[in-house]
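J.: I need the structure of the sequence given here:
(one chain, ligands or ions: 1)
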Amino acid sequence: MDKIVIEHLTLTYSDGTESLKDVSLNIKANTITVLFGPAGGGKSSLLRVLNRLNDLADVTVLKGKALINGQDILSPDIDVNDLRRRVGMVFSRPAALPLSIYENVAYGLVMAGMKNRKKLDEAVEQALRQSVLWDEVKDRLNDPGSALSGGQQQRMCLARVLALQPEIILLDEPTSALDPLATAKIEELLRELKEKFTIVIAPHNTQQSARISDMAAFFLQGELVEYAPAETIFTVPKDKRTQDYITGRFG
Ligand SMILES: Nc1ncnc2c1ncn2[C@@H]1O[C@H](COP(=O)(O)OP(=O)(O)OP(=O)(O)O)[C@@H](O)[C@H]1O
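T.: Numbers count the residues shown, from 1 in each chain. A predicted model of the protein is given here:
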């Protein structure tokens, strides 16, 4: 069974912007799927549907289906907090909370009611190891999260998501504020993390899309133009619009 199934998804904001137009795509577990294309294509809107962050926006039309493990996540009966634990999100600017490194990582668990210090310690360590930050911060877990470099803060935010043991990780331009070295670290990390998680990412440029994706989906003004394995779409795209975009003719 596919991990994520999107069928005929249409999303219109109250100002009339059709940000997703009849989009269908299936995503397999333990893959990195990239959503790419010019600004305003609908990439962020699709990511936000996957953990129901779109609930916070002024949406007038939401039609079609979005299933995770076969479960309808758009259903009003869904427990949104539980969904957001299972489907974690990392944003473009590292959202370090004004707390210590430890508290930044433990945040979601504490919010979920975990009080046992030993369990918290273990979860924080495991998450920091998974985000390959542990060795850099293990001796200063009580320092403010904001004292870390941008790249470290982004891995700390990833650790906050990982601590909740999600199934799916969504990332919206996670390296747009990072230098090339910090970017390379995150990309390497994502390749490792896909062994355990399903990753959907809207990278901030096409080069990154080509480097990290297993599958890639090209979005243009709300339309899913082409969805194919990375080695196909970035070398022999079928659609002229995809080709024009990746060869730099627009965007
Ligand atoms: N909350 C909102 N209210 C109204 N319109 C919105 C809202 N969020 C996004 N849009 C519009 O929906 C369209 C798709 O935007 P979206 O952010 O999903 O695209 P994107 O491909 O992720 O682009 P970007 O790279 O700029 O984030 C755009 O025209 C955008 O202006």
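J.: hmm, residue 173 is touching residue 93, no?
T.: No: the criterion here is Cβ atoms under 8 Å, and residue 173 misses it with residue 93 at 9.1 Å. Every residue, glycine included, has its C-beta placed from N, CA and C.
J.: okay, the two: which has more neighbours?
T.: residue 173 (19 against 14; other Cβ atoms under 10 Å).
J.: look up phi and psi at the more buried one.
T.: phi 50, psi 60 (degrees, to the nearest 10).
J.: any buried residues in the helix or strand of the chain with the lowest mean pLDDT, and which?
T.: Every helix and strand of the chain was ranked by mean pLDDT, DSSP states H and E. The lowest is helix 206-212, at a mean of 91. For helix 206-212, a neighbour-count test (16 or more other Cβ atoms under 10 Å) marks 206, 208-212 as buried.
J.: ok, these vs residue 130, which is closest?
T.: For these, the minimum distance to residue 130 (Cβ to Cβ) is 17.3 Å, reached by residue 212.
J.: report the buried residues of the helix or strand hosting residue 188.
T.: Taking DSSP states H and E as the definition, residue 188 sits inside helix 180-193. By neighbour count on 16+ other Cβ under 10 Å, the buried set for helix 180-193 is 182-183, 185-187, 189-190, 193.
J.: what does stretch 90-109 contact?
T.: Contact with stretch 90-109 is made by 85, 110, 114, 120, 123-124, 127-128, 137, 140-146, 148, 150, 153-154, 156-161, 163-164, 169-174, 176-177, 204, as judged by Cβ atoms under 8 Å, 6 or more residues apart in numbering.
J.: in terms of helices and strands, where is residue 89?
T.: Following DSSP H and E, one finds residue 89 within strand 87-90.
J.: can I get that strand as PDB, trimmed to CA atoms?
T.: In PDB, the C-alpha atoms belonging to strand 87-90 read as follows (Å, rounded to 0.1, in the frame of the first residue of the first chain):
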ATOM      1  CA  VAL A  87       3.400  13.900  10.100                       C
ATOM      2  CA  GLY A  88       6.100  16.300  11.400                       C
ATOM      3  CA  MET A  89       7.100  19.500   9.600                       C
ATOM      4  CA  VAL A  90      10.300  21.500   9.400                       C
END
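J.: specify the next element, helix or strand, located C-terminal of that strand.
T.: Proceeding N to C from strand 87-90, the next assigned helix or strand is helix 101-111, under DSSP H and E.
J.: what's the separation between residue 226 and the ligand?
T.: Per Cβ to the nearest ligand atom, to the nearest Å, residue 226 is found 15 Å from the ligand.
J.: and residue 23, by the same measure?
T.: For residue 23 relative to the ligand (Cβ to the nearest ligand atom), the value is 11 Å.
J.: determine whether the claim that that residue is in a strand is correct.
T.: Yes: membership of residue 23 in a strand is supported by DSSP: H, G, I helix; E, B strand; the rest coil.
J.: what's around it, how many residues?
T.: Residues lying near residue 23 (other Cβ under 10 Å) number 24.
J.: coming back round to it: quick one: strands adjacent to the strand holding residue 89?
T.: Paired with strand 87-90 in the same sheet, following DSSP bridges, are strand 168-172 (parallel).
J.: the strand it pairs with relative to helix 180-193, how many degrees between them?
T.: 160 degrees (axes from the mean of the first three to the mean of the last three Cα atoms, to 10 degrees).
J.: quick one: strand 168-172 to chain centroid distance?
T.: Averaging C-alpha positions (Cα atoms, centre = their mean, to the nearest Å) puts strand 168-172 1 Å from its chain's average.
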